[in-house]
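Asker: Provide a 3D model corresponding to the input given below.
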Amino acid sequence: QVQLVESGGGLVQAGGSLRLSCAASERTFRVYAKGWFRQAPGKDREFVAAISGMSSSTTYSDSVKGRFTISRDNAKNTVYLQMNNLKPEDTAVYYCAADVSWATITRAPRAWGQGTQVTVSS
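Answerer: Have a look, this model is predicted:
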């Protein structure tokens, strides 16, 4: 199973930006669909964004559409989440995820990173 390592979390003021990164050591990562999820305290984990392995397909939750951008660099086996115009309600632990199937990446991906904390102050 692919191993995922996130980085880039931190503390930012409302309206600011952060970029999260998720790296995998396996070269086969490039063919995986990749996604980001988040979990706020006391809430269920929720889908944020996903990108296909080889095509240009992306999808976003309504809560982040227009503010967040998911991208990938297959040469570096890395997926990114650029987060702009951050709001206090974006505060959560953000998880990178991957799955061989685009059909499941937004619901139940099989590989997960350890998570990185994002805190947005008002």
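Asker: can you list contacts of stretch 44-56?
Answerer: Stretch 44-56 has contacts (Cβ atoms under 8 Å, 6 or more residues apart in numbering) with 30-39, 57-61, 64, 68-72, 74, 79, 81, 94-95, 102, 105-107. Backbone N, C-alpha and C define where each C-beta goes, glycine included.
Asker: give me the distance between the two termini of that stretch.
Answerer: 28 Å (Cα to Cα, to the nearest Å).
Asker: just stretch 40-59 next, same as before
Answerer: Using Cα to Cα, the span of stretch 40-59 from its first residue to its last is 21 Å.
Asker: give the rounded mean pLDDT of that stretch.
Answerer: Averaging pLDDT along stretch 40-59 yields 95.
Asker: just to revisit the earlier point, give me the buried subset of the contacts of stretch 44-56.
Answerer: Taking 16 or more other Cβ atoms under 10 Å as the criterion, what is buried in these is 30, 32-38, 59-61, 64, 68-70, 72, 79, 81, 94-95, 102, 105-106.
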